[in-house]
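Chemist: my questions are about this predicted structure, shown below with the sequence.
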Amino acid sequence: MKTAEMELVMLGTGNAGVTKCYNTCFVVKTRETVLLVDAGGGNGILNQLEKADIAIGDIHEMFVTHAHTDHILGAIWMIRMVAQKILKGQYTGGFRIYGHDKVLQVLDWICRMTLPAKIVSVLNKDIEFCEVRDGDKLQIGDLYLQCFDIASTKEKQYGFRALLPNGRVLVCLGDEPYNERNRSYVEGADWLLSEAFCLYKDRDIFKPYEKHHSTALDAGRLAQELNVKNLLLYHTEDRTLDTRKKQYMEEATREFSGTVYVPDDLDRIIL
């Protein structure tokens, strides 16, 4: 497989309260698989997919990390649009949504309370809710995922370790700091996707630690300790978009000797 046939498409890079970019969500795209991870907080996901030239009809797998609004509400719009295409005969195959028990409970409840009956009728048929548990291993197309509980103190949340078709490992830590109980999933990863709520120098402004988040400096130190090769920072504030890429990279590399990526919305990164 050529390297260019595998990429990470950052649909959104911001935290829950952003207005100048979209909430953090992304696509892992290989030759056989288009895996959507989270979907942001609304129907902006449809606009981001359109801008990224990713057709809804090509997405058959979605992983939802947790039930916070900035990650799960966009999934309702994905369900709605996929269901509409299914009912019109415009969608081939099934749509599978992976998440822990609370994620699926929240999705099911919101769908049944807010969507038309004809949309709801597709649930658990062509649209499947697939529960995952801590440590579960999944094959999703040509991706092999192992799910893990990130041990959040705020909201039950799962991340995953993905074995890519080229043999590299990508780890998604969700949107809270790393917990040492998950070292075996993270250590030595080729790609680590980590939240960085703000710069360490701006911690008194954004107060990341009070909100159970970390900084670019913390993420760099973690990546160095865990012998990660590439560090990607997301789920940031949006007040410094003009300088975010440069300043976050500089701060993270004070502690990390590998490569740091600070993507903007819609950036594509070759895996």
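Modeler: On my side now, so go ahead.

Chemist: can you give me the helices in the protein?
Modeler: Applying DSSP state H to the chain gives helices spanning 44-51, 69-87, 101-114, 117-120, 183-186, 203-206, 216-225, 241-252.

Chemist: pull out the buried positions in the third one.
Modeler: Neighbour-count burial for helix 101-114, counted by 16 or more other Cβ atoms under 10 Å, picks out 103, 104, 106, 107, 110, 111. Placement of C-beta: from N, CA and C, glycine included.

Chemist: and for the first one?
Modeler: Buried residues in helix 44-51, counted by 16+ other Cβ under 10 Å: 44, 45, 46, 48, 49.

Chemist: from these, pick the one nearest residue 33.
Modeler: Among the buried residues of helix 44-51, residue 49 lies closest to residue 33 (Cβ to Cβ), at 15.7 Å.

Chemist: gap between the closest one and residue 56?
Modeler: 6 Å (Cβ to Cβ, to the nearest Å).

Chemist: okay, and the common contacts of those two?
Modeler: Counting by Cβ atoms under 8 Å, 6 or more residues apart in numbering, residue 49 and residue 56 have no common neighbour.

Chemist: show me where the stretch 151-271 of the chain has its strands.
Modeler: 158-163, 169-172, 191-195, 230-234, 259-261, 268-270 (DSSP state E, counting those that start in this stretch).

Chemist: need the buried residues of helix 101-114 in JSON lines (columns: pLDDT and distance to residue 142).
Modeler: Listed next are these as JSON lines, based on pLDDT from 0 to 100; distance: Cβ to Cβ, whole Å:
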{"residue": "103", "pLDDT": "98", "distance to residue 142": "24"}
{"residue": "104", "pLDDT": "98", "distance to residue 142": "25"}
{"residue": "106", "pLDDT": "98", "distance to residue 142": "29"}
{"residue": "107", "pLDDT": "98", "distance to residue 142": "26"}
{"residue": "110", "pLDDT": "98", "distance to residue 142": "31"}
{"residue": "111", "pLDDT": "97", "distance to residue 142": "29"}
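
Chemist: of those, closest to residue 187?
Modeler: Nearest to residue 187, judged by Cβ to Cβ, of the buried residues of helix 101-114 is residue 103 at 26.2 Å.

Chemist: find the nearest non-adjacent residue to residue 183, please.
Modeler: Spatial nearest neighbour of residue 183, excluding adjacent residues (Cβ to Cβ, 6 or more residues apart in numbering): residue 226 at 7.1 Å.

Chemist: go on, residue 76?
Modeler: Distances taken as Cβ to Cβ, 6+ apart place residue 110 nearest to residue 76, at 5.5 Å, with adjacent residues excluded.
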